[in-house]
Structures are given as structure tokens and as C-alpha cells.
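Chemist: my questions are about this predicted structure, shown below with the sequence.
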Number of protein chains: 2
Amino acid sequence: MMRNTHSVRGPVVPSRGPVRPLGTDEVRIAGGFWATRQRVNGETTLGHALEWMDRLGWTGNFATAANGTGSRERKGREFSDSEVYKLVEAMSWEHGRAPNDELNAQINALTTMIAAAQDDDGYLHTAFGRDWQRPRYGDLAWGHELYCVGHLLQAAVARTRTAGDGQLLHVARRAADHVCDTFGPDSTGICGHPEIETGLVELARLTGEQRYLDQAALFVDRRGHRSLPAHEFGWAYFNDDVPVRKATVLRGHAVRALYLACGAVDVAVETGDDDLLEAVAAQFDRTWARRTHITGGMGSRHQDEAFGDDFVLPADRAYAETCASVATVMLAQRLLLATGDSRFADRADRVLHNMIATAIGDDGRSFFYANTLHQRVPAQLNGDGERLDVGGGLRAPWFEVSCCLPNLARLLASLSSYLVTADDTGLHVRQYADCDVDTRLVDGLPIGLRVRTSYPDGGDVTVRVTRSGGPWSITLRVPDWATGAVLVVDDERRPVAPGDVVLTREWAVGQEIRLELPMRPRFVWPDPRIDAVRGCVAVERGPLVMCAESLGEHDLDAVRVCTGTEPEQAGDGAVVRALVEAPLESPWPYGEPSARPGTPVPLHLTPYHRWARRGPSTMRIWLPTT
Amino acid sequence: MMRNTHSVRGPVVPSRGPVRPLGTDEVRIAGGFWATRQRVNGETTLGHALEWMDRLGWTGNFATAANGTGSRERKGREFSDSEVYKLVEAMSWEHGRAPNDELNAQINALTTMIAAAQDDDGYLHTAFGRDWQRPRYGDLAWGHELYCVGHLLQAAVARTRTAGDGQLLHVARRAADHVCDTFGPDSTGICGHPEIETGLVELARLTGEQRYLDQAALFVDRRGHRSLPAHEFGWAYFNDDVPVRKATVLRGHAVRALYLACGAVDVAVETGDDDLLEAVAAQFDRTWARRTHITGGMGSRHQDEAFGDDFVLPADRAYAETCASVATVMLAQRLLLATGDSRFADRADRVLHNMIATAIGDDGRSFFYANTLHQRVPAQLNGDGERLDVGGGLRAPWFEVSCCLPNLARLLASLSSYLVTADDTGLHVRQYADCDVDTRLVDGLPIGLRVRTSYPDGGDVTVRVTRSGGPWSITLRVPDWATGAVLVVDDERRPVAPGDVVLTREWAVGQEIRLELPMRPRFVWPDPRIDAVRGCVAVERGPLVMCAESLGEHDLDAVRVCTGTEPEQAGDGAVVRALVEAPLESPWPYGEPSARPGTPVPLHLTPYHRWARRGPSTMRIWLPTT
């Protein structure tokens, strides 16, 4: 019987590991960069998503499935049930964070609706199995039945951890039991889209039910043997080409690959399977080194939403799906908890500030599905006023496939659980945001911190002890980019190198530590094997990738940056020296090399996450050099 | 009533224009580069394609549709009828070129089978309209009904021009009449995939039937008003975003765009619509200048088989569909005939030698669907021994969508009609291949030429007069790349610049002209706006694009070419000086610029069309410079 982890209010709560997560009640975001986003998420995004799901009939599908009378037409794609579950998960975290009767009532209503659609044997999906529908599990590759259950389990875990046992956990357990009954040791079935694995492990963690963990382990080990039908995209698309523990890199459909990696880490941690854990960590390392955009975005191909080969990282047709970034944060968090290694927090930092923060509109009602690094032509609205092209360079209120918005919502609502971890000796501040931390050490010692910072725009981080009573440690992460950081403690300044700084002492309430991170903008060069951005530089400032954006003032594709002079800070952005080259038209674009005269200009850069917030524009992260 | 062009055996026979095409009986390929390919096409490819279409049931669909009893299951996609028609077209040109009783019988059998599936009112498509099928024209965007008819008409034109009036022309006329009855002036319908336009015009040219031309003009003018339903890919995909005469560049699905452009030129020529003609020529010019790979390949996006924005021309995910190249040759030929301008022959030359010659395997039983310019990882066969991924770097015997193979076959079988044109005063040799030309001038004067050359590997072209009897002109094209060409006539050598060289005199039989084209390999640089190949050079030799190919001896992505020394000829390829850089692994591929030591190597390059003929390999056309 596994340890019950009922008491921690967070989305990933391993029963073992070198560090443990803190719940959303133990770490509260108090202001700044993420507080705004979390507030907008709660006030606007959740309602916006529910409104769309109601309007499109995705919630209505549950009612239709339940009564079996009247219209039998089902709306949306096979995976639309999962969007409702992700929304319930997001609502649950939000209600846990900022209790709200109306939201609570919405969750209960959705839960009742979901419960009514569950079959007597526990099976739950609105598109399959009824007289007038296709049979259950007749199309494991594309049916998304187990995928949807996985999201249901995550929703139930969120609801239970924030509001106690209730109807949704009952539904989830019955669904999980049905999955275990159907796909046990004698079965060979796996779902075309991984997700059930991580859902089952978290449900096992919550309930202590070993059976769910065993089933997740079966699913992880079963994949990679080409048991799904052949498809134009190849077995790699489903990660069914090579077993998880033998693979060397993430490949195929990016979200599928990352969700599977999450489930595999969960299984590895709970079963003590160090080989599996190391295999996934090595895959993530290699993917980070060779298949990740500078923004932290993953997945370079539009056609199959997939990873490309090593170093295939086009800026202008980057896919970098928002859901893949949510999944990257999930994977980084799992590996952080499994290893305690701050490199995984470095990765989450990059993805949070350059992908997650970019994907959602200021209004909370619009989002990017794909996240390009180079917009050549300003986005154009289609005739109906909505963008249909997911790669179009404008945030849209909705897409036909709108997995990303509820995915962002559940991450934002539970974000405080990603900021700080604990071990027997103290706390590790993993991400810098204004937050208040209040927890106990294993021995019961109450400890607390107040973190205040202007991060990511500023590099000052002040950590003040708010509760103490004995010796304990505070660990700060010096980000991987922060060469030249300074730590100020007890009025003493000392340089600190990237990595962890551990400070152990008998902390007094009111005592402060200050970390000063270098915020001068810097040029960043790509590995020469990345063909797509050869001859270019990018500019970063702190954790933020900068971009040049033009609403018409510059033809960004004619700009050439002079790298002889370091970039200067300008507001919360940067300015570099550049030339704007005169266009030279030719009937054929290949021939003699041409020297083009250029006009010197200062080129202003702003954080990438700000782009496309003022209307259609062109944008470049990677800037050709002179 | 239009002029009947029954007597010219070629696929494109305008009733007016500055130059006229010669038929396949007037120009015969006698040896060399294209003779081999034409022979393999006739001996192997046609049979291979028929075998696959029989096996997959694409031919059988006609029998099923005809009898309406027994199995009613239809095989293949909505456009599979068109593959059968393209094959019949290819067979017809082949039989016209090299008469063959067995082939003739096959054509007749297929014709009978096709005729039997035609409905009483002339409608012909095996997937729609019968009791057990979807209704006719219920899905114009995706149904491909008019598209298929377009290919039927082209097949019937080929058959009639090479074998005289017969059953297939009867079927085609009835189908065309049905289209005119259904989609006349009161209709707003267009097909999601252009093709009917060019088919109707050619049938009008063949039969003199004005009605078919009028209908084609209606279809051309009707497109571009967003009458097709909205789709994720946007209206541009269907070229339904902007009217043809208002567009400035080819866009959307490449084959759709190019077929539509062909139909628009055909309509413009026959109706004397110079505005329309100029619009399409300008679109082609701009597309050539900004949206074409160095190979002449068009369409840079896998997802929607579409053109990218200007200068989005990735080497490693180039789509460059084979069918788009066939269509580019078709469009170039139409504009050549409409304008007489040899720039269009230059384009056809590049596409023929670098795309068409590349797409088909030496065995005539394998082909590329997509044509990448950079293969990073050797192709891997799927478990079933066949490549399913169209971009995979190995020629495959068949794909689920196999439009390209019969498209290549019809072009190769009719290729001699693309080599030479005529006007009232003489002949223009447009493409260099061993061929024998025998025709008459408008005044009846019999004239003839014998062209012998080692082109494209060699630069020598000898043109010998074989029939003459008065003054006439011989025009030779000096290709756009051929700076430094020399013309030898009457023992006199003189330099000739790229463009047309016109020689008019009273030619004597046996008289010879020699053209010497410079075949020294040369570096070619890309326009700096093409991000994907910034910092790279390519090497060309004559009309051929060269590539580096590695079966394991080099890591091509670590090679850096030294451009200080000109490339040297080596056999029919080239050799350049290069360094192979030592790999430098890093956990994150963005940071400080790195100087990597390199080992000098001579790097051998071979014609691109030869690549992937010795098994899985890596390949690069664009080579990073030191």
C-alpha cells in the first residue's frame, strides 16, 4: 500500500524523492508578474473557456450521452471530453487558491453532469459505446478514450486535494477501475495519446491504491512495440516506435512524447525504477540540447505537431505548441522532485517566462496554439473575424482544437506549487515570484518565507524569513544564465555562480537574503548545427528572450545587427545597433553574393512574451548579423 | 468557332500565340539523358502504375460503379479516378511515341471500363451519385469531381491527338457537356482542386467547341471570392482567397495554384485576355523570385502542401512536391507558347533537370513525392519495408496518395513536345537533348534538325540541318546561367550572352551550328532574405544543382566549405575545399559563439538528381561556409 499523499495541495505529489513539493496553500503568489496572470485566469479565462465549451456543445455531450434520448449528435472531436476535465481541474485549483462559491457550484454542476454520463461499469467517454455510437476501444490509436480518462483522474485529484473526497473522486475511481479491469496484464492495449499513465499514478498517490500504479507501469512498458496500427506519420508519432526505457531522445508528436515522459517518471519514482528514471532524464537532456527552441518551445513541425530531427529548429515555422510547453513544465517539475537537480528548475523558468507567459493574451480570452519565433507577414484576420490557422501570429479566442487554453488555465491556477520545494532540512526557492511561503519541516518546525522580486524584468530578489525557530536551510537557485550574480546576506556581498546556493543557519524572523541577478542584455549565438538560424544572434535579458517587433516601422527581414557593440538596456527591453539593408530585387534569388548598402538604426527589442499584443505585426527573435 | 488543333500531337496546342509547339511526331528524342528515362517510363513505369492501381482497386472502382451490384465498397481516395486518367494519358502519349499493340489494347480496355461507369447524363465519378453513395457535388471543396473530369479530358485529348477520334473522346465530350450544363453562367460552383479549367480549354482546342472554353473562363473568373467553405488552411489553400487576375503571387496548395495558373493562361490565350495573361506571368515571376527552391521545386510546407511566405524556403523540410514540378513545367510551357520568351524555357530546364529527373528512380518503379534539399538522418524503412512518410529520403514504389507517378509518366511520354517550338520563320531549340526534328514551316517548306549533345552533363550542343530548302531561322537558347557561352557557326567562334541567339539564312542540309556552354562548376549564393540557408553556398554545374551525399563517410552537418577557392570539376560532379568541424556538445544549444577546429577535406559533389540511388544516405545542397 502506497503512502497516501492526500494532504498536499499540488498536482504532482510523489510518495518519495529527495525533495517534496509544497501545496498551493503553503505557497501563495502575492503579487507581480504571475499574480496578474493568475488573477486574470481565475476572473476571466475559466469563464471564457466554459462559455465556449457550452456554446460548442462539448459540455452538452455529457448530457446527451447520459439520457440517450433526443438528439444523439455529438459535438467536437474525440478528445473534447478531456477539455472539460482540464477545465474542471483548473477550476478546482482556482477554488482551492481563492475559494469562490459560484466557482464551487460550477464544479459541482459539471461533476454531476460528468457522473451522469458514466456507464454502469465505470466506462466514461461521450463518443463511444452507446447503441448509436462506435464501439468502445475500437480505435485505440485515435479514439482518445484512455487519454480522456487520464485527464478525468487529474481533475479528480485536483478537486480532492483542494476540497476533500467527493463525487468526482468516486467517478474517477470507477473509471480507473474499469481501465484496470479492461487493460490489465492480459491486454496489449495502449492509447494513441499518452496521459492515462500520469493520471493513474497521481490517483494512486492520492488514494494509496497500488492497482492504479501497476496499471500505469503496464501502459508505460507496453508502449514502443509498434502495437498501434501503421500510420503515415510513423510509429514515432505515438511514441510507439521504441520502448520508453530504450529511447534516447523525445520524438514524434511533442505533447504525446512529453506526457508519456511525465507518466514514465511518475512510475519510475513510485516503483523505485532508477533505470527508467535515468532513461527519461537523459531523453529530456538530449531534447533540451538538440530539439528545443531558445524560447523553451518544443515541436518544430506543423504537419504532425512533432519534434524534428536534431537541430531542426526553424524560427519561421516553429510549431512549439502551447500544450507542449505546459507538458515541459510538468516534466521538469517531476524530474526536479525526483532528483532535486536545479537544472530542471532552470528549464521550467525558461518555459514559463518565454512560452507560458507568451501563449495567453492580457485579456485572458485569447491564446496562441503554436508559438512562432519569426512572423514575416502580419497576421490577417479571416473573413469571419477569427483566425483559423493555428500558426497565424495572433492570439485567438478559440480554435477548433482548443486543448491549450484549459491546459494553460490548470497550470496557472496551480502555479504556486511549482515555486518552492522542501526537504528535511529546509526550503528551496526554485522560481522567483512574489510569494509567501508557510510550511513545516518534517520535524514539525514551522518555517516561513516572504519572497519579493521584480523578476523577470528586474534581477533583485529579497527573501525574508517570516517564521523560524531552529536551524534550517534556505536554498536559492542562481539561474544558468546568471553569470555574475551577487548574494547579499548579513550585509555581506559575495559572488555566486549558477547553480544552488545553500544557506543553513538558525534563521531569525525578519532576517533577509538578497540575490542580485545580472540583467544587462546579452547576445546569444546558436549552435552552428541549427541551420535555420545560422548567421543570427538573439538577445536575452535575465530569463527573458527578447524580440524585435514591427507594426510597420521596420522591415525586420532587412535588419542586420552589429554585434561589435554589446546590447544596451532600454526600459525592460534592449537596444542594439543595426543596419537596415536596401532591398535588391532579382528575378531569381540564387547567384552572385551581393553587398547591400545599409542604413544604421537603433533597433529596440522587447520581451518576446509581449509580442502581438498591439495588433498584427512582424516579429523576429533571431536577428541576422552584419 | 475555334480553330481545330487536331493535327498537333502535343499536350498543349494553343490556337494562337507567337510560337507554336511541335508534336511528338515532329520532335523525337533520339538518345541521351531523357531517352533513357523515356524508355524506362514506357517499359516499366506504366505497367508498374497499372499494377498498383489494379491491386489497390482504383481501376476496379469503375467496374463496381458500372454494375452497381456485388460489392459496393469503393477503394482509395476521392481523387483516385484521376490517377487512372493520368495513366491513360501517359499510355496514350507513349503509344503515340512508340506504337505498341499491347499498350493500345490496354488503353482500349481501360477506356471501355471508364465508359461503362459514366452515367446516362454524362456525369462520371466512381465515388458519388449512386444510391449507396454521397450525392453529386455535395462537397465541391474536397470531392475532386471536376478535378477528375479535367484529367479525363486531358487523357481524351492525348488519345485523340495520337490515335484519332474514338471512344474516350466521346466519353470526355459527354462529361464536359454535363459539366457545362451543371456549372454554367447561373451556377457559382468551383472545384476545390483546379484542373478542369485547363482540361476544358484543351478539349475546346481539340474539338473547336466554344462552349468548353466559355465554361473554363467561368471557372477561372469565379474563383477567388471565398465561395468554398472556410477551412483551417484558409481560402488561399484553394486559391479561393483572391481572384486570379488580382493576385500577385502563387500561394496556397502548390499544385492547386499551378494547375489554376495553367488553366488561366489557356483561357487568356484563347480569349485574347492580355490582362489575365500578364497577371499570371507576373505571379509566376514573383513566385520564381521569392518562393522557389534552387532546384526549381515549389511548395515549402508539409502541412498543407503549400507555398510559404516569400523567402520561406527551408532546405530540410522542403516539400517541393513532384506534382508541383510537373505543373511548373506545364505552366512554363504555356507561358513560353503565349509569349515566346525564353525565360520560361530556362525555368523548365531547371525543373526538368533538378526535380523531374530526381523524382523518378532508375528502375522506373520508385519515386519521390516530396523532394527535400537536405537529408539529415538516413531514411529508415518502416517495418513493412515500405516508406509511408512522403518526406523520407527514399524513393518508394507507391504512396497512399500516388498522384506523382502517373504525373511524371505523362510528362516523360510527351516530353519531346516541350523541346522545340516554331514560328512562321523557323525553329527555336528550347531544351537541349538528342532529338530529331522534322516539320514544315507555315508556307509548307519542309525543315529538319538533328540535335546532339551530352547535356546536362556536358555543355556541347551540335545542331545539324537535316532538311531545308529556303531561308529560315534557327534560334538557340543560351541558358540564364551560361555566362561565357560560345557559338560556332561557319567555323567562326563568337561569344553569346544568355538569351536567344537567332541565326537566319538559307540553310543547307548538313550544315552545323555548335553551342559551347561553360560547364565549370560555380558557387551560388542565396538571397539574404532566405533565412533557412543563410551562411551557405550551393554549387551548380551547367543546369545541374550539385549536392553532397554521404553514406556514412562524412557528417555533412559538420562540413564547412571554403569559398576562397573555386570549385573544381571532378567527373560529372565537382569538388570543393572544406573543413569538417569537431562536434562540441553542450547541454543547451544557445550561448557564446564557439570556434570549432576543423579538419580539411576535399568534398565531392554530384548531381542532385542522382542522390538516394545507392540506399539510405544523408544529403545537402546548401553547404555552410567557413
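Modeler: Yep, that arrived. Numbers count the residues shown, from 1 in each chain, chains lettered A, B, ... in the order given.

Chemist: neighbours of the closest residue to chain B within the stretch 1-150 of chain A, how many?
Modeler: The stretch 1-150 of chain A approaches chain B most closely through A:Arg77 (12.4 Å), counting by Cβ to the nearest Cβ. Where you see a C-beta, it was placed from the backbone N, CA and C, and this is true even at glycine. A:Arg77 has 17 neighbouring residues, counting by other Cβ atoms under 10 Å in any protein chain shown.

Chemist: okay but it is in contact with A:Phe399, surely?
Modeler: No. At 11.1 Å, A:Arg77 does not count as touching A:Phe399 under the criterion of Cβ atoms under 8 Å.

Chemist: ok, the residue of the stretch 1-150 of chain A closest to chain B - contacts?
Modeler: A:400-401 (Cβ atoms under 8 Å, 6 or more residues apart in numbering or on different chains).

Chemist: again, 10 Å this time
Modeler: By Cβ atoms under 10 Å, 6 or more residues apart in numbering or on different chains, the contact list for A:Arg77 reads A:58, A:83, A:127, A:142, A:144, A:400-403.

Chemist: pretty sure A:Ala98 is touching A:Gly42, no?
Modeler: Yes. Using Cβ atoms under 10 Å, A:Ala98 is in contact with A:Gly42, at 6.0 Å.

Chemist: same drill for those two, tell me which one is more crowded.
Modeler: A direct count of neighbours by other Cβ under 10 Å for A:Ala98 and A:Gly42 places A:Gly42 higher, at 23 against 15.

Chemist: I'd guessed that one sits against A:Ser92; true?
Modeler: No. Look at A:Gly42 against A:Ser92 with Cβ under 10 Å: they stay out of range, at 11.8 Å.

Chemist: what sits in contact with each of the two?
Modeler: Common neighbours of A:Gly42 and A:Ser92, counting by Cβ under 10 Å, 6+ apart, are A:103, A:413.

Chemist: where does the residue of the stretch 1-150 of chain A closest to chain B land on pLDDT?
Modeler: Here the pLDDT value assigned to A:Arg77 is 94.

Chemist: got any residues that touch both of A:Ala98 and A:Gly42?
Modeler: Counting by Cβ under 10 Å, 6+ apart, the common neighbours of A:Ala98 and A:Gly42 are A:Ala413.

Chemist: show me which of the contacts of A:Arg77 has the smallest pLDDT value.
Modeler: A:Glu400 (81).

Chemist: quick check: closest non-adjacent residue to that one.
Modeler: B:Glu232 (6.6 Å; Cβ to Cβ, 6 or more residues apart in numbering or on different chains).

Chemist: how many neighbours does that neighbour have?
Modeler: Look at B:Glu232: counted by other Cβ under 10 Å, it has 13 neighbours.

Chemist: A:Ala254 too?
Modeler: For A:Ala254, the neighbour count with other Cβ under 10 Å is 29.

Chemist: report the contact partners of the nearest residue to it once chain neighbours are set aside.
Modeler: Residue nearest to A:Ala254 in three dimensions, not counting chain neighbours: A:Gly299, with 3.2 Å by Cβ to Cβ, 6+ apart. A:Gly299 is in contact with A:250, A:252-255, A:257-258, A:291-293, A:305-308, A:318-321, A:323-325, A:327-328, A:370-371, counting by Cβ under 10 Å, 6+ apart.

Chemist: can you rerun that using 7 Å?
Modeler: A:254, A:305-307, A:319-321, A:324 (Cβ atoms under 7 Å, 6 or more residues apart in numbering or on different chains).

Chemist: ok, A:Glu512 - contacts?
Modeler: Residues counted as contacts of A:Glu512 (Cβ under 7 Å, 6+ apart) are A:462-464.

Chemist: ok, and the most crowded of these?
Modeler: Counting by other Cβ under 10 Å, top hit in those: A:Val463 with 23 neighbours.

Chemist: can you say which helix or strand has that one in it?
Modeler: Assigned by DSSP states H and E, A:Val463 belongs to strand A:460-467.

Chemist: got the angle for the helix or strand following that strand vs strand A:460-467?
Modeler: Next along the chain after strand A:460-467, taking DSSP H and E as the criterion, comes strand A:471-478. With axes from the mean of the first three to the mean of the last three Cα atoms, to 10 degrees applied, the angle from strand A:471-478 to strand A:460-467 works out at 160 degrees.
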